[in-house]
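In: model this:
(2 chains)
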Amino acid sequence: MLKKSAGSIRQRLNPRLLHEVALVPAIVVALIAGTIVNDAFLTQQNLINILQQSSELAILVIGETLILLTGKFDLSLESIVGVGPMIAGWLVTTKLTGGSGLRLNAYIAVAILFLVGMLVGAINGFLVARVKLNAFMVTLAMLILLRGVTVGLSNGRTMFDLPAPLVYLGSASWLAVPASVWIAGTLFLVVGFFLRYHSFGRAIYAVGGNPQAARASGIRVERVVWIVYIVGGALAALAGLLLTGRLDSVLSGQGQNMIFTVFAAAVIGGIRLNGGQGTMFGALTGVLLLGTISNILTLSQIPDFWINAAFGGIILAALLLAKFTSGASEE
Amino acid sequence: MALTSAPIVAATGVSKRFGPTEALRDVSLAVPVGETRALVGRNGAGKSTLVGILTGLVRPDGGDVRFLGRPAPPVTARERWRELVGCVYQRSTVIPTMTVGENIFLNAYPERRGGFLSWRAIRAEGRRLLDEWGIEADVDARASELPPGQRQLVEIVRALRLGSRFIILDEPTAQLEAAEIDLLFTHMRHLHDAGVSFLYISHHLDEIYEVCDSVTILRDGRVVLSAPVQGLGKEEIVHAMVGEAGVTRALAQAAPRSASSGVNRKPVLAVRDLAWQRWFSNINLDVYPGECVGLAGLAASGKSQLADAIIGLIKPDGGRVLLNGRAVPPGRVDRAIDYGLGYLPGDRQTQGFCPDLSVEENITMTVLDDLGLWRSIDYGRRGSRALALIDRMQVLVSTPQQRPVELSGGNQQKMVFGRAVASNPQALVLVSPTAGVDVASKRVLLEAITEAGTAVLLVSDELEELAICDRVIVMFAGSIVREFARGWQDPAMVGAMEGVGHRRH
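Out: Now for the predicted structure:
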């Protein structure tokens, strides 16, 4: 009896949990390194800065993680970050500032922004889950298509002079902390809780872990996949709204290349690309680690392209690490 | 009719076709409440299709399925099917990335409030069930960490937990150890006493006598016998499974092949003490020049894994494979071919050919290094090599550039066989070489085997294929259990494969 309980304690501390907190020491190391390297690093202002700049990325990572957990993925999330706000902005602004001149009510425009994200997710989900097209090609095509629409609507120019409802969330501060940080944090908590304690959350894991087994146990596999695509689209639209508020404008290339960082954060955070494994906490640590490193490199005035090279190296290191820590139990 | 007297499940006149093959033809089966019914039949007899229909995964073309006298729900109503019938499938439906506890309760969690689940209840309930079943696994361990036997038990626990009054077990013991099987049977008897009905599918006839009340035997998609187990001999069951075809074949195989004889021969292919995981151990066999040796056994016997280990697709844990006395480096298919082995894989679709390459490219794939100077490809030489092989195997193609997906199964298989003999091997390992091919192709293939002149190890459970062998070695549960000389009778062979007279482990 004693032996058994000792075994179960070891089991609980075993790879699963270790895997979860694997990045925490890495983040601590990064924080210490940042403090040593730069005096401006460990200030309240800079730390909040890191969080704010990571918040849009974080929300995209939540959406992508949900999709990755089912064993699929969505490249087009980053284009929703651009096209959602661009359509909303186009509908509300005057011709002078590059809009349509329709001057639509700004709250309706915000609703449309979310609808656009969900619609794109629904189309992706339909093509991937029902028509059974390859997720890579479908979402890559969607990415290219939406990127074109975004540039086309704005004629390649930045859209500005946006009404308050479109910029409020991305620029407001609540209790001295940016609203976008509150929103991203809350979403991590809610989605993480939902994934762990709701049967739909567990169904997402089951679909990614073994779709046939999930189907045999009564889970409607296609529907689950479809829904996570729609939720992913809505979250990408939210990320776009926050980014728009932070910049007080919509860039024609808004969101461009974000998807690489999204995948990097998810993979570093322990989300398995084949689905079925990984948690929101892990994904969050992935986001924070990348955000911290990127901040340190920027403070040290290292050019952007070196930062990209560093991210690439980190991804490779994380993949190897994950292989060696969990390799034995994978079949 | 009063509902209580209606059978727990009754299929009446059920039939099902898959393309040209008739999987089930006018099959009727009724299991009275509280009875444990065995369902037996050889591979391809229609058992899996029938299970699919009774679990609502396959829609029958005709006929009628009723549970306690009520018509079965439509195939789309998965929830209702799940309540009516619990099933442990042959293929694993454990989700390896989830915990043991979660797998037990998959999509039917305890204490659901608005879809939210209680991990405490999953742990406590899960632990209680694991204890009750005597499974020494941690509820929080990942299912991927469990040995296969325990995974299987987890599936059984899951199916039984849902409280269905009717449970289908599709070869549940294939991966279990003897103690685990006893455990399963104890639980089955408890549930049986509580009035639960079972449909029990097994290739192990002894088990049927141990836990079943009655038996239904399928052959070629039809029910040939339904009777109580008591008073039914094993021989009768085997005879019903095999049918009358057995006698004529025994005569056909009487003529011995031109196998070279003599006492001082050296084996071409020798296997010494080969072992791999729990699939097989301590395997010794010899194939002499010009000899065709059958390796018979059921899917769970480990015979396919043994074939994979001989050719090098699997790296065995121990033992050696020798070709003309030289040890082949384990786990190296390329070296095995160099040493003179040819291989025809059992699964044509996944291992046999590359569907997007031409027949010419596929058939010369094993001799890529031999088509031109310094491993370059001389297209002229490749073309003539391919044509020679296509002729030899009588592969029907419009042009060697045709893609194999356009060929019939029989012609595909002839092509794959051509690929195996392209390197002029000294020994051939063939796995189910005529499975799923038409009669004409079958004849061509069987002739090619007998006329190959090389040593052949023919791995199969098809009696027609085994009949051309000079002798047949039978594997059961990872060991060689018997050897037959030419002239065996079908029932004896089937019985040996089904493990008659062998309690496993």
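In: switch to C-alpha atoms for all contacts and neighbour counts from now on
Out: Will do.
In: look up how far A:Arg157 lies from B:Asn282.
Out: Distance check for B:Asn282 against A:Arg157: by Cα to Cα, to the nearest Å, it reads 75 Å.
In: which bits of chain B sit near chain A?
Out: B:78-79, B:82, B:92-98, B:106-107, B:109, B:115-119, B:138, B:140-141, B:144-145 (Cα under 8 Å from any Cα of the partner chain).
In: among those, which ones are buried?
Out: B:78, B:82, B:93-98, B:106-107, B:109, B:116-119, B:138, B:140-141, B:144-145 (16 or more other Cα atoms under 10 Å in any protein chain shown).
In: okay, and which of these map to helices?
Out: B:78, B:82, B:119 (DSSP state H).
In: nearest residue to the residue of the stretch 51-200 of chain A found nearest chain B in space, ignoring adjacent ones along the chain?
Out: Evaluated by Cα to the nearest Cα, the stretch 51-200 of chain A has A:His198 as its residue closest to chain B, separated by 4.2 Å. Nearest residue to A:His198, sequence neighbours excluded (Cα to Cα, 6 or more residues apart in numbering or on different chains): B:Phe116, at 4.2 Å.
In: which stretches of the stretch 1-150 of chain A form helices?
Out: Taking DSSP state H, counting those that start in this stretch as the test, the helices found in the stretch 1-150 of chain A are A:2-13, A:15-21, A:23-37, A:44-69, A:77-92, A:106-125, A:135-154.
In: and the ones you listed as CSV, adding mean pLDDT, distance to chain B and mean neighbour count?
Out: Listed next are these as CSV, based on pLDDT from 0 to 100; distance: least, Cα to the nearest Cα, whole Å; neighbours: other Cα atoms under 10 Å in any protein chain shown:
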stretch, mean pLDDT, distance to chain B, mean neighbour count
helix A:2-13, 43, 6, 12
helix A:15-21, 64, 9, 16
helix A:23-37, 88, 21, 15
helix A:44-69, 93, 11, 24
helix A:77-92, 93, 26, 29
helix A:106-125, 95, 21, 21
helix A:135-154, 93, 20, 19
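In: wait, which of those helices is closest to B:Lys442?
Out: Set against B:Lys442 and scored by Cα to Cα, the helices of the stretch 1-150 of chain A come closest in helix A:135-154, at 41.2 Å.
In: mind listing residues that contact stretch A:245-256?
Out: A:78-82, A:85-86, A:89, A:147, A:150-151, A:154, A:156-162, A:166-171, A:240, A:244 (Cα atoms under 8 Å, 6 or more residues apart in numbering or on different chains).
In: hmm, I was thinking of stretch B:393-410
Out: Counting by Cα under 8 Å, 6+ apart, B:353, B:355-360, B:383, B:386-387, B:390, B:411-412, B:414-415, B:417-418, B:434, B:436-438, B:441-442, B:444-445, B:448 sit against stretch B:393-410.
In: how about 6 Å then?
Out: Residues outside stretch B:393-410 that contact it (Cα atoms under 6 Å, 6 or more residues apart in numbering or on different chains) are B:355, B:358-360, B:411, B:414, B:437-438, B:441.
In: which of these are buried?
Out: Here, 16+ other Cα under 10 Å leaves B:358-360, B:411, B:414, B:437, B:441 buried among these.
In: let me know the closest of these to chain A.
Out: B:Ser358 (24.9 Å).
In: need the pLDDT of that closest one.
Out: Listed pLDDT for B:Ser358 reads 90.
In: what's the answer for B:Glu361, then?
Out: So, for B:Glu361, pLDDT stands at 89.
In: domains of chain B?
Out: When chain B is parsed with automatic domain parsing, its domains come out as B:1-85+B:166-243, B:92-163, B:266-340+B:425-500, B:354-423.
In: at the geometric centre of chain B, which residue sits there?
Out: B:Ala299 (3.2 Å; Cα atoms, centre = their mean).
In: check what pLDDT that residue gets.
Out: pLDDT, B:Ala299: 79.
In: distance check, it against chain A.
Out: Applying Cα to the nearest Cα, to the nearest Å, the value for B:Ala299 to chain A is 21 Å.
In: return the distance of that residue relative to B:Gln90.
Out: On the measure of Cα to Cα, B:Ala299 and B:Gln90 end up 11 Å apart.
In: and B:Ala336, by the same measure?
Out: B:Ala336 is 33 Å from B:Gln90, by Cα to Cα.
In: so for the two, which residue has more residues nearby?
Out: The residue with more neighbours, out of B:Ala336 and B:Gln90, is B:Ala336; 24 against 16, by other Cα atoms under 10 Å in any protein chain shown.
In: which element follows the helix or strand containing that one toward the C-terminus?
Out: Using DSSP states H and E, B:Ala336 sits in helix B:333-338. Downstream of helix B:333-338, the first helix or strand assigned by DSSP H and E is strand B:341-344.
In: circling back to that earlier point, out of the ones in helices among the buried ones among the residues of chain B next to chain A, the closest to chain A would be?
Out: B:Arg78 (5.5 Å).
In: check contacts around the closest residue in space to B:Phe280 that isn't next to it in sequence.
Out: Nearest residue to B:Phe280, sequence neighbours excluded (Cα to Cα, 6+ apart): B:Gly478, at 3.7 Å. Each residue near B:Gly478 by Cα under 6 Å, 6+ apart is listed here: B:279-280, B:301-302.
In: switch to 8 Å and redo it
Out: Contacts of B:Gly478 by Cα under 8 Å, 6+ apart are B:278-281, B:301-303.
In: do the same with A:Phe263
Out: A:61, A:64.
In: then B:Asn43?
Out: Contacts of B:Asn43 (Cα under 8 Å, 6+ apart): none.
In: retrieve the pLDDT associated with it.
Out: 71.
In: what packs against the helix or strand hosting A:Phe194?
Out: Per DSSP H and E, A:Phe194 falls inside helix A:179-197. In terms of contacts (3 or more Cα pairs under 8 Å, 6 or more residues apart in numbering or on different chains; DSSP states H and E), helix A:179-197 is packed against helix A:44-69, helix A:164-171, helix A:199-209, helix A:280-299.
In: does chain B sit close to the helix or strand following the last one?
Out: Of the helices and strands lying after helix A:280-299 in sequence (DSSP H and E), the nearest is helix A:304-326. No. Helix A:304-326 lies apart from chain B when judged by Cα under 8 Å from any Cα; the minimum separation is 11.0 Å.
In: centre of the chain to helix A:304-326, how far?
Out: Centroid separation between helix A:304-326 and its chain, computed with Cα atoms, centre = their mean, to the nearest Å, is 18 Å.
In: equivalent analysis for stretch A:21-31, please.
Out: Its chain's C-alpha centre and that of stretch A:21-31 lie 20 Å apart, by Cα atoms, centre = their mean.
In: tell me the secondary structure for the one residue in the stretch 201-331 of chain A that gets nearest to chain B?
Out: Nearest residue of the stretch 201-331 of chain A to chain B, counting by Cα to the nearest Cα: A:Ala213, 4.2 Å away. Assigned by DSSP: H, G, I helix; E, B strand; the rest coil, the conformation of A:Ala213 is helix.
In: next up, the contacts around it.
Out: Counted by Cα under 8 Å, 6+ apart, A:Ala213 has contacts A:206, B:92-95.
In: what of B:Thr36?
Out: B:192, B:197-200, B:211-214.
In: all strands for the stretch 151-300 of chain B, in order.
Out: B:166-170, B:197-201, B:214-219, B:222-228, B:269-276, B:280-287, B:292-296 (DSSP state E, counting those that start in this stretch).
In: deepest of these, which one?
Out: strand B:292-296 (a mean of 27; mean count of other Cα atoms under 10 Å in any protein chain shown).
In: what pairs with that one, parallel or antiparallel?
Out: strand B:455-460 (parallel), strand B:471-476 (parallel) (DSSP bridges).
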